[in-house]
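Participant: What follows is a predicted protein model with its sequence.
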Amino acid sequence: MKYLPIPFTSYEKFTIIVLSLLQFTVVVDFMVLSPLGAFLMPGLGITTSQFGIVVSVYAISAGASGLLTAGFADMFDRKKTLLFFYTGFIIGTLFCGIADSYQQLLLARVFTGIFGGVIGSVSYAIIADTFKMEVRGRVMGFVQISFAASQVLGIPIGLYLASKSDWHAPFKMIVFASVPVGIIILLKLKPITDCLVDKQEKKAFKHLWATASNPDYQLGFIATMLFAAGGFMIMPFSSTFMVNNVLIPESSLPLIFCITGLFSIATGPFLGRLTDKFGKYRMFLFGSLLSMVMVYIYTNLGPNPMWVVVLTNVVLWVGISSRMISSSALTSGIPEVRDRGAYMGINSSMQHFSGGIASFLSGLIVSQPIKSSPILFFNVVGYITIIIMILTTIMMFFIDRQVSAKLQIARA
């Protein structure tokens, strides 16, 4: 039977666009810090381990915040929740843009993480509330464009501003872009209150514990932790590795991210459609196998011409995008409607905790004996990442069976 995608309504299209814009600003804020390492470490005079801490505190504080607020996630209009945390995120990013010491930046990243870390879980809860399982692959494909767009627009522009000014400039740029998005959400996004049906029966911490202790959900939490750990191991030092090991000039970093991001924008919706057509787990398996091969190649690169680095990054990102889109669509089918906000909050917390710990451990593994010298043991980080990806793929197999069984019962 020929696959015919279900068309979106005008409001559904608007929801996808506004959530993509919101995710773009949040993703740029998080992702721009890693490539800024080449500017920030010498600028503040900090070591690789200290930089790893700067990256990880955002994730750890985001995880703590998500866990503490998860019990309340299904008790309030999701639009109001989104606006509250997005406002705090903008303020925190502004603090990053005016920090002038390692300690101030560290505190600013903690503050930003407290608010920014909850936004993703609220967004995914809105997607699950608004869209059926059959089209979530396509929705995730479009929303994941925000990750690609952050490379095409956010990261290159941020790196350019950092090279022309200093490392503060990208954070100020993010604040400038975020304020209009918040206004659009305030004025145009409809209230989302389906989750409030059982409000009278819920107590925050009781609801949190019931969701966290549900054996049907725990497999998803473990898979999310593994997924995040695999991604965060190599991310913090990728730009430093390219500059000092692969001998790519700092001035060429924006071009690499731009080309990779453009390719990702073009392939994101296509990968989302393939996810719905061929199955979420099959697409995740494809992305995982491709990612494992490319992680091995990438983390063992030596001095290479520009085209080799670009090609490696593009193919690696196809694998990563396939994993992100398919896993997001698949795991969104795990929770019941009444638990969706709490589940997404806990899931986001596990992701941030795991990612923060992975970033910290990565900073302990790699080392740079002399300023501007090649970083050592980055390939070890790659091997650990591959092992984690294998474990994640096994976990997602069982999740796919669980979600498929649940859908069959619902359709019966």
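Facilitator: Everything's here; your move.
Participant: give me the number of residues near residue 139?
Facilitator: 28 (other CB atoms under 10 Å). C-beta here means a position set from N, CA and C on the backbone, and glycine is covered the same way.
Participant: Distance of it relative to residue 188?
Facilitator: The span separating residue 139 from residue 188 equals 18 Å under the rule CB to CB, to the nearest Å.
Participant: helices and strands around the longest helix seen in the chain, which ones?
Facilitator: Residue-count comparison of every helix in the chain, with assignments taken from DSSP state H, identifies helix 378-411 as the longest. In terms of contacts (3 or more CB pairs under 8 Å, 6 or more residues apart in numbering; DSSP states H and E), helix 378-411 is packed against helix 215-234, helix 280-299, helix 306-331, helix 340-365.
Participant: For residue 395, find the nearest of these.
Facilitator: Closest to residue 395 of the helices and strands packed on helix 378-411, according to CB to CB: helix 215-234, at 4.0 Å.
Participant: Could you list the buried residues of whichever helix or strand comes after that closest one?
Facilitator: Sequence order places helix 238-244 as the next helix or strand after helix 215-234, per DSSP states H and E. Of the residues in helix 238-244, 238-244 count as buried by neighbour count, 16 or more other CB atoms under 10 Å.
Participant: Who are the packing partners of helix 238-244?
Facilitator: helix 37-44, helix 253-278.
Participant: tell me the most buried of those helices?
Facilitator: helix 253-278 (a mean of 21; mean count of other CB atoms under 10 Å).
Participant: Just want the angle from that helix to helix 37-44.
Facilitator: Using axes from the mean of the first three to the mean of the last three CA atoms, to 10 degrees, one finds that helix 253-278 and helix 37-44 are set 140 degrees apart in direction.
Participant: which residues sit against stretch 244-256?
Facilitator: The contact list for stretch 244-256, computed with CB atoms under 8 Å, 6 or more residues apart in numbering, reads 35, 38-39, 155-157, 159-160, 163, 239, 242-243, 301-304, 306, 309-310, 313, 368, 372-375, 378.
Participant: neighbours of the closest residue to residue 275 other than its chain neighbours, just the number please.
Facilitator: Nearest in space to residue 275, with sequence neighbours left out and distances taken as CB to CB, 6 or more residues apart in numbering, is residue 137 at 3.3 Å. Using other CB under 10 Å, the number of residues around residue 137 comes to 27.
Participant: isn't residue 137 right next to residue 327, touching?
Facilitator: No. With contact taken as CB atoms under 8 Å, residue 137 and residue 327 are classed as non-touching, separated by 10.7 Å.
Participant: Would you mind listing the residues in contact with the nearest residue to residue 328 once chain neighbours are set aside?
Facilitator: Spatial nearest neighbour of residue 328, chain neighbours left out: residue 140 (4.5 Å); criterion: CB to CB, 6+ apart. For residue 140, the contacting residues are 127, 272, 275, 324-326, 328-329, by CB under 8 Å, 6+ apart.
Participant: Rounded mean pLDDT for the helix or strand where residue 140 lies, please.
Facilitator: Taking DSSP H and E as the definition, residue 140 sits inside helix 136-143. Per-residue confidence for helix 136-143 averages out to 77 on the pLDDT scale.
Participant: Stretch 367-381 too?
Facilitator: Per-residue confidence for stretch 367-381 averages out to 81 on the pLDDT scale.
Participant: how close does residue 282 sit to residue 39?
Facilitator: Taking CB to CB, one finds residue 282 at 41 Å from residue 39.
Participant: er, residue 270 actually
Facilitator: Residue 270 is 34 Å from residue 39, where distance means CB to CB.
Participant: Can you get me a residue count around the residue nearest to residue 267 when sequence neighbours are not counted?
Facilitator: Computed as CB to CB, 6+ apart, the closest residue to residue 267 that is not its neighbour in sequence is residue 318, at 6.1 Å. When neighbours are defined as other CB under 10 Å, residue 318 has 21 of them.
Participant: contacting residues for residue 318?
Facilitator: Taking CB under 8 Å, 6+ apart as the test, what residue 318 contacts is 263-264, 267, 271, 287, 290.
Participant: change it to 10 Å
Facilitator: With contact taken as CB atoms under 10 Å, 6 or more residues apart in numbering, residue 318 is in contact with 260, 263-264, 267-268, 271, 286-287, 290-291, 294.
Participant: With residue 223 instead?
Facilitator: So, once contact is read as CB under 10 Å, 6+ apart, residue 223 ends up touching 327, 330-331, 334, 347, 350, 391-399.
Participant: Just flag the most distant two among the contacts of residue 318.
Facilitator: Put simply, by CB to CB the two of these set farthest apart are 260 and 286, 18.9 Å from each other.
Participant: still on that earlier bit, any idea how far the residue nearest to residue 267 is from residue 270?
Facilitator: 10 Å.
Participant: By mean pLDDT, which helix or strand of the protein comes out lowest?
Facilitator: For the chain, counting by mean pLDDT, DSSP states H and E, helix 145-149 ranks last in confidence among helices and strands (a mean of 70).
Participant: Name the next helix or strand following that one along the chain.
Facilitator: That would be, after helix 145-149 and using DSSP H and E, helix 155-164.
Participant: CA-only coordinates of that next one in PDB, if you can.
Facilitator: Provided in PDB are the C-alpha atoms of helix 155-164 (Å, rounded to 0.1, in the frame of the first residue of the first chain):
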ATOM      1  CA  ILE A 155      26.500  28.700  15.600                       C
ATOM      2  CA  PRO A 156      28.200  30.300  12.500                       C
ATOM      3  CA  ILE A 157      26.900  33.700  13.300                       C
ATOM      4  CA  GLY A 158      27.800  33.200  17.000                       C
ATOM      5  CA  LEU A 159      31.300  32.100  16.100                       C
ATOM      6  CA  TYR A 160      31.700  35.000  13.700                       C
ATOM      7  CA  LEU A 161      30.600  37.500  16.300                       C
ATOM      8  CA  ALA A 162      32.900  35.900  18.800                       C
ATOM      9  CA  SER A 163      35.800  36.100  16.400                       C
ATOM     10  CA  LYS A 164      35.100  39.800  15.600                       C
END
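Participant: Under the pLDDT cut-off, which ranges of the stretch 151-300 of the chain? List them.
Facilitator: Using pLDDT under 70 as the threshold, the predicted model of the stretch 151-300 of the chain has low-confidence ranges 151-155, 194-204.
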